[in-house]
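J.: sequence and predicted model, in that order:
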Amino acid sequence: MGSIQILGAGECGLPLAHRLLRGGLPVTLVAARDAASVLDGTVTSTQLKFPRTLDLEADAGLGHWRARAPEIRGIRLAMVMEGQRVLGWSGRLSRPAQSVDQRTVFARWLTDYVDAGGELEIADPSTAELERRAARADLTVVTRASAELAAYFPVDPGWPAPGEPARRLAVFYLDGVAADPDGYGMYVSLPGLGEVISYPGFTGAPGQERCCEMLLIEALPGGPLDAFGMYESPAERWRRAVRLLGETLPADLADRYRAAELTDGGAVAVGGVTPTVRRPVGVLPSGQPILGGGDVVCRMDPGGAQGANNAAHCAADYASAILAGPAGPFDRTWMEAAAAPWLTGTAHPAARWTDAVLAPPAELQQLLMAAQGDPALANAFADTFARPADLSRLLALGAETSQQVG
Ligand SMILES: Cc1cc2nc3c(=O)[nH]c(=O)nc-3n(C[C@H](O)[C@H](O)[C@H](O)COP(=O)(O)OP(=O)(O)OC[C@H]3O[C@@H](n4cnc5c(N)ncnc54)[C@H](O)[C@@H]3O)c2cc1C
């Protein structure tokens, strides 16, 4: 039986470690931070998870919040120009989504893992140290990578590599936001400016979680929404956000946020994600192959709400491959084969969907318009967020609808 080390304790590394431990394999999880410092940190995501992801977590004994976190039952989409709605519809998800603060989730899963007898090391190994560790282990899975380590995973030439974020991001976790009457999430497209996305979520230390609203501003770089300085205080950023929402959203939407307050001192994050699709097998300078997972291999802008879902599917697929042949050998050929189902079934469709959502091609734009008068199309659009591999089915449905209208 092989020894397996997993670098990174997030959406991919933690469920993978749990699944292997439950399968009786010796596994070492190497995390940069312990549960207490994860909880003390700032928010890292808005992590909306779709039902198939929530099912995977429940199957692995990790779905602690399913009965308690608020349900996100659908998507209320609006296109807004100069403060006026030019398009609007609501699509119901076949089954609800949920979003639980990654600080809450990672802290709880780390504690569960140690309580279940898992070996945890708090370390941030250099590449040289990782080389030494990888030489001792039968398999090393990398789910968190510095720029130097990520560079050992070749960029997949089949995918665009823009080299910079498509959006500048600002995240706020809020108390006191007026709730959507149907428990829907809000997706506002602001042509020329970016997007404003918001939905109910769950935050707080494990055992003391409470409902909140999670707001993500996706700003086109250099545009008016790209306004959050790196050195402003959380309160200053939130004041600026309220002003921007007032200036860009219709009054009924902006008013939802007027009385809101940040949930805690770590409730704000700003930054950007450079989308990159890499090959799943990295080779260290010594020639040692390592298997990449989650964002290390497929990093997407959050506008498509895919990364955390993608990472959870990666963990489940990798665990199945490892548990199917726990003795290895976990060589390069095995790694390529282990990653293939995840790449083709989940990661690549998710990356395509994210690109389509951020810059809709003509056929998707037509479909977005048609969904306004067609609830079935609106529901199908919502469900494609949950299953991006169905994008071609959605486009076919859109084409059928426009033919009928024509
Ligand atoms: C603003 C934003 C919103 C998002 N919204 C969504 C969404 O709605 N739906 C969705 O599916 N995906 C969303 N994502 C993407 C999703 O969060 C990531 O794709 C997912 O967490 C990747 O999982 P992973 O295991 O590869 O890496 P991670 O979950 O990042 O884990 C890697 C490791 O890095 C550690 N780590 C992370 N941040 C830090 C830090 N600041 N300091 C030290 N260590 C750290 C983690 O604890 C972990 O050990 C969003 C991302 C961002 C930035």
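T.: In hand now; what should we look at? Numbers count the residues shown, from 1 in each chain.
J.: dihedrals phi and psi, the residue nearest to residue 81 when sequence neighbours are not counted?
T.: What sits nearest to residue 81 in space, not counting adjacent residues and going by CB to CB, 6 or more residues apart in numbering, is residue 191, at 6.1 Å. C-beta here means a position set from N, CA and C on the backbone, and glycine is covered the same way. Per-residue torsions, residue 191: phi -50, psi 130 (degrees, to the nearest 10).
J.: my guess is residue 191 contacts residue 78. True?
T.: No: using CB atoms under 8 Å, residue 191 is not in contact with residue 78; the gap is 11.6 Å.
J.: and these two? which has more neighbours close in?
T.: residue 78 (20 against 11; other CB atoms under 10 Å).
J.: spatially nearest residue to that one, not counting backbone neighbours?
T.: Spatial nearest neighbour of residue 78, excluding adjacent residues (CB to CB, 6+ apart): residue 88 at 4.5 Å.
J.: isn't that neighbour right up against residue 371?
T.: No: Residue 88 lies out of contact with residue 371 (CB under 8 Å); the separation is 9.8 Å.
J.: who's more crowded, these two?
T.: Neighbours per residue (other CB under 10 Å) separate residue 88 from residue 371, with residue 371 holding more: 26 against 14.
J.: phi, psi of the spatially closest residue to residue 267 that is not a sequence neighbour?
T.: Leaving aside its chain neighbours, residue 267 sits nearest to residue 173 (4.0 Å; criterion: CB to CB, 6+ apart). Note on residue 173: its backbone torsions stand at phi -100, psi 130 [degrees, to the nearest 10].
J.: residue contacts, residue 173?
T.: Going by CB atoms under 8 Å, 6 or more residues apart in numbering, residue 173 touches 43, 101, 201, 203, 212-215, 262-264, 267-268.
J.: now the stretch 51-200 of the chain against the ligand: closest residue?
T.: residue 144 (3.6 Å; CB to the nearest ligand atom).
J.: okay, now the unreliable bits of the stretch 301-406 of the chain?
T.: Within the stretch 301-406 of the chain, the stretches with pLDDT under 70 are 402-406.
J.: can you show me the helices along the chain?
T.: 13-22, 35-40, 51-59, 102-115, 127-136, 147-150, 234-248, 251-254, 307-324, 332-342, 348-358, 362-370, 375-386, 391-405 (DSSP state H).
J.: so which residues on the stretch 151-300 of the chain come close to the ligand?
T.: Residues of the stretch 151-300 of the chain lying close to the ligand by CB under 6 Å from any ligand atom are 169, 171, 216, 273, 294-295.
J.: between those residues, which is closest to residue 310?
T.: Proximity of those to residue 310 (CB to CB) peaks at residue 294, which lies at 7.0 Å.
J.: quick one, phi psi at the closest residue to that closest one other than its chain neighbours?
T.: Distances taken as CB to CB, 6+ apart place residue 12 nearest to residue 294, at 3.2 Å, with adjacent residues excluded. Taking degrees, to the nearest 10, you get phi -100, psi -50 for the backbone angles of residue 12.
J.: and residue 12, how far from the ligand?
T.: 3 Å (CB to the nearest ligand atom, to the nearest Å).
J.: count of residues packed around that residue?
T.: 30.
J.: on the pLDDT front, check it for me.
T.: Predicted confidence (pLDDT) for residue 12: 98.
J.: surely it touches residue 313?
T.: No: with contact defined as CB under 8 Å, residue 12 and residue 313 do not form a contacting pair (9.1 Å).
J.: joint contacts of these two?
T.: Counting by CB under 8 Å, 6+ apart, nothing touches both residue 12 and residue 313.
J.: contacts only, for the residue nearest to residue 294.
T.: Here residue 12 is in contact with 143, 293-295, 311-312, 314-315 (criterion: CB under 8 Å, 6+ apart).
J.: biggest strand in this structure by residues?
T.: strand 84-97 (DSSP state E).
J.: helices or strands next to that one in the packing?
T.: Counting contacts by 3 or more CB pairs under 8 Å, 6 or more residues apart in numbering; DSSP states H and E, strand 84-97 packs against helix 51-59, strand 72-81, helix 375-386.
J.: neighbouring contacts of it?
T.: Contacts for strand 84-97 (CB under 8 Å, 6+ apart): 48-51, 54, 71-80, 182-185, 250, 368-369, 371-372, 375, 378-383, 385-386.
J.: buried subset of those?
T.: 48-51, 54, 72-80, 184-185, 368-369, 371, 378-383, 385-386 (16 or more other CB atoms under 10 Å).
J.: would you list the residues of the stretch 151-300 of the chain next to the ligand in JSON lines and tack on pLDDT and neighbour count?
T.: Formatted as JSON lines, these follow (pLDDT from 0 to 100; neighbours: other CB atoms under 10 Å):
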{"residue": "169", "pLDDT": "97", "neighbour count": "22"}
{"residue": "171", "pLDDT": "98", "neighbour count": "22"}
{"residue": "216", "pLDDT": "98", "neighbour count": "22"}
{"residue": "273", "pLDDT": "96", "neighbour count": "18"}
{"residue": "294", "pLDDT": "98", "neighbour count": "29"}
{"residue": "295", "pLDDT": "98", "neighbour count": "24"}
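J.: now stretch 11-22: buried residues?
T.: In stretch 11-22, counting by 16+ other CB under 10 Å, buried: 11-21.
J.: for residue 183, what are its contacts?
T.: 70-74, 96, 200.
J.: at 10 Å instead, please
T.: The contact partners of residue 183, by CB atoms under 10 Å, 6 or more residues apart in numbering, come to 70-74, 96, 199-200.
J.: need the max-distance pair from those residues.
T.: 70 and 74 (13.0 Å).
J.: any regions of the stretch 1-150 of the chain where pLDDT drops low?
T.: Across the stretch 1-150 of the chain, the ranges flagged by pLDDT under 70 are 1-2.
J.: point me to the residue of it nearest the ligand.
T.: residue 10 (1.8 Å).
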